[in-house]
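Visitor: All I have is the shape, not the residue letters:
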């Protein structure tokens, strides 16, 4: 089993890259090959998939992407190709937010994911990102908004899920509270 590889990107294709390490070229399937730069030395985290007709390597820029991939392939009906496709459509934070908040609409936008697959992903993975969600929220305005919403009587778990959706928005405390309330009321 491989953990990662450090080497030079020698080829970029539509669904994979080739990394040269000690004179050997490794074909590695990645979510977005065009994020890599040809000729640049990089570190890629790997997952080795063994099947009847060969060995495949899937690569990830960060260990968080790899962990998300490993969780996704445990979901019934989600294989490696679908999981890498999910990672290609959004960043890990957005995907976690969608799963934790039960956002079926977000997941259905991903090619190859229908309503049943989206619901299965949420069913199997919701609640499995507790540590990730709490480490992501370290913004002072978000923390204050969280305290306000809990003081208003909302459960801390509900508040964390809603605020995780708002991570990419640049708001002040009042802005976060207003947006969170509009999501909590739905």
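Guide: Sure thing, it's come through. The structure displayed is predicted, hence computed values, not measured ones.
Visitor: just so I have it, where are all the strands in this structure?
Guide: In the chain, the strands defined using DSSP state E lie at 4-12, 16-21, 24-29, 41-51, 54-60.
Visitor: Tabulate those (CSV), appending distance to residue 183, mean pLDDT and mean neighbour count.
Guide: C-beta coordinates here come from the backbone N, C-alpha and C atoms, glycine included. As requested, the strands of the chain are exported to CSV (distance: least, CB to CB, whole Å; pLDDT from 0 to 100; neighbours: other CB atoms under 10 Å):
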stretch, distance to residue 183, mean pLDDT, mean neighbour count
strand 4-12, 38, 95, 15
strand 16-21, 38, 96, 19
strand 24-29, 36, 96, 16
strand 41-51, 33, 94, 15
strand 54-60, 30, 93, 18
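Visitor: Pipe those strands into CSV and attach distance to residue 163 per row.
Guide: As requested, the strands of the chain are exported to CSV (distance: least, CB to CB, whole Å):
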stretch, distance to residue 163
strand 4-12, 32
strand 16-21, 36
strand 24-29, 34
strand 41-51, 28
strand 54-60, 26
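Visitor: hang on, residue 167 packs against residue 93?
Guide: Yes: here residue 167 lies in contact with residue 93, judged by CB atoms under 8 Å, at a distance of 5.9 Å.
Visitor: nearest to residue 150, of the strands of the chain?
Guide: strand 54-60 (35.1 Å; CB to CB).
Visitor: which residues in this structure form helices?
Guide: For the chain, the helices defined by DSSP state H occupy 63-72, 80-89, 92-101, 104-108, 115-125, 130-136, 140-151, 156-165, 173-185.
Visitor: other SSEs contacting the longest one?
Guide: Counting contacts by 3 or more CB pairs under 8 Å, 6 or more residues apart in numbering; DSSP states H and E, the secondary-structure elements packed against helix 173-185 are helix 140-151, helix 156-165.
Visitor: Name the stretch among the ones you listed that sits most buried.
Guide: A comparison of those by mean neighbour count, using mean count of other CB atoms under 10 Å, puts helix 156-165 on top with a mean of 19.
Visitor: for the record, mean pLDDT for that helix?
Guide: Averaged across helix 156-165, pLDDT comes to 75.
Visitor: how near is residue 35 to residue 56?
Guide: Residue 35 sits 19 Å away from residue 56, going by CB to CB, to the nearest Å.
Visitor: Over to residue 156?
Guide: With CB to CB as the criterion, residue 156 and residue 56 are 41 Å apart.
Visitor: repeat for residue 38
Guide: Taking CB to CB, one finds residue 38 at 22 Å from residue 56.
Visitor: swap in residue 12?
Guide: 18 Å.
Visitor: now residue 22
Guide: 21 Å.
Visitor: cool, residue 33 as well?
Guide: 15 Å.
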